[in-house]
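Engineer: Structure, please.
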Amino acid sequence: MIMMPLFKPMVLPKDKKVNHFSLYVMNRYQSSVDILDSLPYLKNHRPSKNTYHKDCENIISRMVQVMKAFYGDAQYNASKQPKWELFAKKPTFVKVPLQGANECGHYTLKYAECYDGEKIVGNIRDNDPHIVDWNAEDLYRVVFNRNNQLLVNELPKEFQPLAPDA
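Structural biologist: Just a heads-up that it's a prediction; the model follows:
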């Protein structure tokens with residue numbers, strides 16, 4: 001599975017613009033493009049889930065182009081990849097727990113951690129009260145990720161003992 005967290009603008013009623021995270025999954029096991037979106041879309045309100053994700057086909061097409069550029073056309077074609085653009089025309093909206101206000105980023109990270117290609121396998125609920133703990137976990141992951149170029153000794157002294165190798 002190839003997972004892509006997306007952060008893109010959403011236009012709400014009265015032309016208010018906000019940004020929203022969701023997770024797109026190129027799911028080779030199910031031969032599908034799956035969308036995991038925590039927003040509780042309301043009926044008869046804009047945008048609808050389908051409207052907001054109408055660019056799925058373009059996003060997946062660009063991802064295929066990136067994979068071909070990275071691996072080369074020959075290696076990409078030899079890997080017998082599914083026809084992603086075809087699956088992106090009718091993406092699968094996975095049933096997921098829904099967020100409260102301003103929690104889409106945390107839910108998207110949890111989905112990436114707990115999605116097995118069919119369903120969420122983990123104890124995540126609508127408006128999960130553990131979101132407070134997720135804030136700390138997500139911050140820890142970002143700050144102390146091995147790919148982060150920030151050196152531990154550049155952190156404030158009170159954070160340095162929290163580093164994995166401290």
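Engineer: Longest helix in this structure, please.
Structural biologist: Secondary structure assigned by DSSP state H gives helix 56-71 as the longest helix of the chain.
Engineer: Tell me how confident the model is about the next helix or strand after that one, as a mean pLDDT.
Structural biologist: Next along the chain after helix 56-71, taking DSSP states H and E as the criterion, comes helix 73-78. For helix 73-78, mean pLDDT is 90.
Engineer: in helix 73-78, what's buried?
Structural biologist: Y76 (16 or more other CB atoms under 10 Å). Bear in mind the C-beta positions are built from the backbone N, C-alpha and C, glycine included.
Engineer: Can you list the low-confidence ranges for this protein?
Structural biologist: By pLDDT under 70, the weakly predicted segments of the chain are 12-15, 145-150, 165-166.
Engineer: Run through the strands of the chain in chain order.
Structural biologist: For the chain, strands defined by DSSP state E occupy the ranges 2-12, 16-27, 32-36, 92-93.
Engineer: Let me have those in JSON lines, adding distance to K157 and mean neighbour count as columns.
Structural biologist: What follows is the strands of the chain, written out as JSON lines (distance: least, CB to CB, whole Å; neighbours: other CB atoms under 10 Å):
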{"stretch": "strand 2-12", "distance to K157": "32", "mean neighbour count": "13"}
{"stretch": "strand 16-27", "distance to K157": "32", "mean neighbour count": "17"}
{"stretch": "strand 32-36", "distance to K157": "39", "mean neighbour count": "22"}
{"stretch": "strand 92-93", "distance to K157": "46", "mean neighbour count": "14"}
